[in-house]
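>>> pasting the sequence and the predicted model now:
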Amino acid sequence: MEKSFTRGQLARKATVNPATIRYYERKGLLAKAKRSSAGYRIYSESTIRKVKLIKRVKALGFSLAEISELFALQTTPERECAGVCRQIRDKIDDIEKKITHLKSIQSALSMMAENCNGKRTIRDCGVLEVLADD
């Protein structure tokens with residue numbers, strides 16, 4: 001028989017906040033928990049693995065909606081994996097756009113830093129002037 005856990009135990013084993021478990025249930029990422037005779041929510045060992053999987057996929061930059069889409073694809077394991085591959089490619093494109101944007105920000109900040117020797121008064125600070133310009 002598979003071991004069962006309360007929400008607090010599940011949260012500790014999956015290293016998340018118990019509120020996260022409730023949130024994942026509301027979002028449909030986790031099935032509604034069964035109840036013990038005392039009314040406590042009871043979770044299985046497989047739920048721990050699923051919460052850990054959600055954490056790993058979130059760490060890769062996927063939103064909960066995207067994770068839900070990936071889980072939906074799992075319901076038909078005999079299908080081709082084109083949907084999963086598309087989501088991975090879309091995420092790579094999204095990350096590349098973010099990297100480009102961050103590099104642009106870094107370049108702008110570097111230019112501002114070059115104009116600041118830290119020895120002027122705030123009134124004469126070229127950085128603040130640049131930021132104030134449209």
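Sure thing, it's come through. Numbers count the residues shown, from 1 in each chain.
>>> give me the neighbour count for residue 25.
When neighbours are defined as other CB atoms under 10 Å, residue 25 has 17 of them. C-beta here means a position set from N, CA and C on the backbone, and glycine is covered the same way.
>>> residues in contact with it?
With contacts taken as CB atoms under 8 Å, 6 or more residues apart in numbering, residue 25 has the following neighbours: 31-33.
>>> which among the residues you listed end up buried?
The neighbour count (16 or more other CB atoms under 10 Å) marks residue 33 as buried among the contacts of residue 25.
>>> how about the contacts made by residue 9?
Residue 9 makes contact with residue 43, according to CB under 8 Å, 6+ apart.
>>> which SSE is it in?
helix 7-14 (DSSP states H and E).
>>> just give me the closest of the contacts of residue 25 to residue 94.
Residue 94 lies nearest to residue 31 out of those, by CB to CB, at 28.8 Å.
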